[in-house]
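1. A structural model of the following input is requested.
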Amino acid sequence: MLRWLWVVPALGVALWASGGSLVRYVSDATPPLVELLPAGHGRLTLRINDTSPVHFRTSLVGPTGERVETGTASGRVERTFQIQRAGLVEGRYTLAVQVVDSSWRRNAARTAMGFVVDLTPPRLQVHLPSQLVPGSTLAALITANEAVNAVWAELDQVRYQLVPWEEGYVLLAPIPLSATPGPRQIRLHATDAQGNTGVWEGAVEVVSDSRSVQDITLPPGPAALLAPEAAEARRQESELYNSSLGPVTPRRWQGPFLMPVTTDREISSSFGSRRTINGGPVHFHLGHDIPAPVGTPIVAPAPGLVVLARQVPVRGGLTVLDHGLGLYSAYFHQSALLVQEGQEVAIGQVIGQVGSTGLSTGPHLHWEMTFLEEPVNPLQWVGRLPWE
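-> Numbers count the residues shown, from 1 in each chain. Modelled structure (predicted):
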């Protein structure tokens, strides 16, 4: 069974002894070095190191009895083999290797290692919603019946890494606002320490979220920001904003998010609504508009890094926070910016004040969130995490 591990030498023992090495042949008292080492993912590495060819004997004791093999190998051998592919049944095994060199003294060394052959793939339990609307964060909590590693997922053939969470993993993926209704296929993979891969397949249904179109009329002042002569300024602003949302950094948040503004007023325009401005093209509203008096404190809903804090034409007083794992939040129309780019902020820390700067018809906070560069509903993260 293990014969393929060995390299048969081209030179025999007699040639070695007669090739000018007689003194070493007689005086060598050093046994060969022989090691069995775990190589991870259900693999073992055998290492032999000696100055002469060696004779070996392997003994594999397991559920079906003992297998013995003997042979000759060169003095330097290193081979790694996959336990799962050795044709063994499940159970506990002991592999012993004895090596004798070709010197006159016949120096010997022995090593042994026990291991378990596990051919059963891990079983995955998956908790996810049965349906979602466009603009949602798909969040699935995955647990397994044993320790697993190398976990990943596919959603509509796009690959996502899973996030370790407590005793399991979480799949997070954005459902674009442009997503059409219908099932989204999910395939999860998890590999255990023995190299067995468990696979789970399922689907989540994306349902339509059709809403009536909101027609907004802007007064001449704010409307000037949409004039053709302001197109280049708008392009530069969008480029600046979008460039701040790209990098995926380590996770900073630890739990549910807060509302960034405390107010008794209801959201005036919600995420995902369809609107037109001054009779222009219909587009999605990518955030929540939260009315509040000028100067109302705005707090960080979760720990984050300030990646953008500037006054810009359309978005007005703008702050963008990086919360890690590709999750960003943004705050428009502020009257005051109270943080600087590069600053780390804690959950609940005041980062600015509500205003009506930029393309705005009255004091409010426009609150956006993007995940992996796709707009998602911020409220899905408030009070509890999406998979809870």
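2. how about the strands of the stretch 1-150 of the chain, start to end?
-> Defined through DSSP state E, counting those that start in this stretch, the strands belonging to the stretch 1-150 of the chain, from first to last, are 33-38, 43-49, 54-62, 65-73, 76-82, 91-101, 108-117, 124-127, 131-132, 137-144, 148-155.
3. what of the stretch 251-388 of the chain?
-> 274-277, 283-284, 287-291, 297-299, 304-312, 316-324, 327-334, 336-337, 344-345, 350-353, 364-371, 374-375.
4. how about those in CSV, adding mean pLDDT and distance to Pro260?
-> For every residue, glycine as well, the C-beta is placed using N, CA and C. Formatted as CSV, the entries for the strands of the stretch 251-388 of the chain read as follows, by pLDDT from 0 to 100; distance: least, CB to CB, whole Å:
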stretch, mean pLDDT, distance to Pro260
strand 274-277, 76, 21
strand 283-284, 78, 21
strand 287-291, 95, 8
strand 297-299, 98, 5
strand 304-312, 97, 11
strand 316-324, 97, 10
strand 327-334, 98, 7
strand 336-337, 98, 14
strand 344-345, 98, 11
strand 350-353, 98, 8
strand 364-371, 97, 6
strand 374-375, 96, 16
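5. would you turn those into a markdown table with mean neighbour count and distance to Val77?
-> As requested, the strands of the stretch 251-388 of the chain are exported to a markdown table (neighbours: other CB atoms under 10 Å; distance: least, CB to CB, whole Å):
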| stretch | mean neighbour count | distance to Val77 |
| --- | --- | --- |
| strand 274-277 | 16 | 70 |
| strand 283-284 | 14 | 64 |
| strand 287-291 | 21 | 64 |
| strand 297-299 | 20 | 64 |
| strand 304-312 | 19 | 52 |
| strand 316-324 | 24 | 47 |
| strand 327-334 | 25 | 51 |
| strand 336-337 | 18 | 66 |
| strand 344-345 | 17 | 53 |
| strand 350-353 | 21 | 63 |
| strand 364-371 | 24 | 51 |
| strand 374-375 | 20 | 53 |
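6. give me the phi and psi for the residue nearest the centre of the chain.
-> When CA atoms, centre = their mean is applied to the chain, the residue found nearest the centroid is Gln161 (3.2 Å). For Gln161, the backbone dihedrals are phi -80, psi 140 (criterion: degrees, to the nearest 10).
7. what residues are bridge-paired with it?
-> Beta-bridge pairing of Gln161, defined through DSSP bridges, involves Trp152.
8. ok, now which ones touch it?
-> The contact partners of Gln161, by CB atoms under 8 Å, 6 or more residues apart in numbering, come to Val151, Trp152, Ala153.
9. didn't the last one look like it was pressed against Gln185?
-> No - with contacts defined as CB atoms under 8 Å, Ala153 does not count as touching Gln185, sitting 10.7 Å away.
10. more neighbours: which of these two?
-> Counting neighbours by other CB atoms under 10 Å for Ala153 and for Gln185 shows that Ala153 has the greater number, 23 against 12.
11. and the pLDDT at that one?
-> We note a pLDDT of 93 for Ala153 in this prediction.
12. now do it against Thr143, distance only.
-> With the distance defined as CB to CB, to the nearest Å, Ala153 ends up 14 Å from Thr143.
13. and Asn377, by the same measure?
-> When CB to CB is applied, the distance between Asn377 and Thr143 equals 26 Å.
14. flag the shaky bits of the stretch 151-300 of the chain, pLDDT-wise.
-> In the predicted model, the stretch 151-300 of the chain carries pLDDT under 70 at residues 279.
15. neighbours of Pro301, how many?
-> As a burial measure, Pro301 scores 25 neighbours (other CB under 10 Å).
16. wouldn't it be in contact with Thr262 here?
-> No - the pair Pro301 and Thr262 fails to qualify as a contact (CB under 8 Å) at a distance of 11.7 Å.
17. before we move on, back to that, which one of the contacts of Gln161 is nearest to Glu35?
-> Here the nearest of those to Glu35, counting by CB to CB, is Val151; it sits at 31.3 Å.
18. and that closest one, what does it touch?
-> Val151 is in contact with Ile142, Gln161, Leu162, Tyr169, Leu188, His189, Ala190, Thr191, counting by CB under 8 Å, 6+ apart.
19. any idea what the spatially closest residue to the first one that is not a sequence neighbour is bridged to?
-> Taking CB to CB, 6 or more residues apart in numbering as the measure, Ile142 lies nearest to Tyr169, with 4.6 Å between them; neighbours along the chain are not counted. According to DSSP bridges, the partner residues bridging Tyr169 are Ile142, Pro164.
20. hmm, Tyr169 is touching Leu162, no?
-> Yes - taking contact to mean CB under 8 Å, the distance of 3.9 Å between Tyr169 and Leu162 places them in contact.
21. returning to what we had before: among the strands of the stretch 1-150 of the chain, which is the most enclosed?
-> Mean neighbour counts were taken over the strands of the stretch 1-150 of the chain using mean count of other CB atoms under 10 Å, and the top value, a mean of 21, falls to strand 137-144.
22. now for it, which elements pack on it?
-> Here strand 137-144 touches strand 124-127, strand 148-155, strand 168-174, strand 182-192, strand 197-206, going by 3 or more CB pairs under 8 Å, 6 or more residues apart in numbering; DSSP states H and E.
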